[in-house]
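1. I need the structure of the sequence given here:
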Amino acid sequence: MSLKTTADCFELSRHHFAEQIKSDVVAVLDKLAPLCSRRRRPPKPVTRWLSQEAVDAKHQCRQLERKWKCNGSESDRLSYRHSCRCVLF
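-> Sure thing, here's the model as predicted:
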């Protein structure tokens with residue numbers, strides 16, 4: 001009978017020790033690196049006031065800009081600038 005109570009006490013103290021370590025670690029982590037809640041940014045408003053033709057022209061202008069930036073070619077720069085002028089006017 002005495003052996004059983006000693007085993008029970010050992011199990012209780014082991015459980016208590018594990019819980020104490022867990023609570024101490026969580027407390028230290030909460031202090032050093034607290035949980036941060038992040039909020040999602042609302043989506044951008046839909047640009048319905050642009051026609052599909054204008055959207056396509058702007059897309060082409062951005063493609064030509066990327067091509068020019070990648071190559072550095074003068075002919076690509078001129079194509080890009082011409083495309084931008086067509087989009088603006």
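
2. And G72, how close does it get to R66?
-> 12 Å (Cβ to Cβ, to the nearest Å). To be clear about C-beta, it is placed using only N, CA and C from the backbone, and glycine gets the same treatment.

3. what about the two, which has more around it?
-> With neighbours defined as other Cβ atoms under 10 Å, G72 and R66 compare such that R66 has more, 12 against 8.

4. Check the secondary structure at that one for me.
-> Using DSSP: H, G, I helix; E, B strand; the rest coil, the structure places R66 in helix.

5. Determine the three-state secondary structure at S83.
-> Under three-state DSSP, the three-state class of S83 is helix.

6. so what's the residue nearest to it when sequence neighbours are not counted up against?
-> In this structure, S83 finds its nearest non-sequential neighbour in C61, 4.5 Å apart by Cβ to Cβ, 6 or more residues apart in numbering. Contact analysis of C61 by Cβ atoms under 8 Å, 6 or more residues apart in numbering lists 80, 83-84, 87.
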